[in-house]
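Chemist: Turn this into a model:
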Amino acid sequence: MRELSVFIDESGDFGPIAHHSPYYLIALVFHDQSRDISEPLEGLRRHVIEAGFSEQHAVYSAPLIRREGDYRSADMTTRRKLFSSMRK
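Modeler: Numbers count the residues shown, from 1 in each chain. Next comes the predicted model:
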């Protein structure tokens, strides 16, 4: 039997519209569990470890792009590798 997983994430604020972020976004990711995604996940895990984070580190794209928080000291090449490995 095939199984479909659905991941839902949101970004934004229902409060007053700020000029720098006037949008509220919802992202849906569908994954057919019969398709193996272990290779791309292993690549992401490897890049996370190479960047100096723990294997369980959750990558958040907004701080990664803006070079904030955990990614403050990461250079552009490291941040690009992390970002690119999330798109596969």
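Chemist: Following the chain past the helix or strand harbouring residue 45, name the next helix or strand.
Modeler: Element membership for residue 45 (DSSP states H and E) is helix 38-50. Going down the chain from helix 38-50, the next helix or strand is helix 61-66, by DSSP H and E.
Chemist: quick revisit: what packs against the helix holding residue 45?
Modeler: helix 76-85 (3 or more C-beta pairs under 8 Å, 6 or more residues apart in numbering; DSSP states H and E). The C-beta positions use only the backbone N, C-alpha and C, and glycine is treated the same way.
Chemist: how much does the helix it packs on deviate in direction from helix 38-50?
Modeler: Put simply, helix 76-85 runs at 160 degrees to helix 38-50, going by axes from the mean of the first three to the mean of the last three C-alpha atoms, to 10 degrees.
Chemist: chain center to helix 76-85, what's the gap?
Modeler: Computed by C-alpha atoms, centre = their mean, to the nearest Å, the chain-centroid distance of helix 76-85 equals 11 Å.
Chemist: Give the other helices and strands that it contacts.
Modeler: helix 38-50, helix 61-66.
Chemist: can we see that at 6 Å?
Modeler: Other elements packing on helix 76-85 under the criterion 3 or more C-beta pairs under 6 Å, 6 or more residues apart in numbering; DSSP states H and E are helix 38-50.
Chemist: Report the buried residues of the helix it packs on.
Modeler: 44-45, 47-48 (16 or more other C-beta atoms under 10 Å).
Chemist: now, among these, which is nearest to residue 78?
Modeler: Nearest to residue 78 among the buried residues of helix 38-50, counting by C-beta to C-beta, is residue 47 at 8.1 Å.
Chemist: Residue ranges in the protein under the pLDDT threshold?
Modeler: Applying pLDDT under 70 to the chain flags residues 1, 18, 88.
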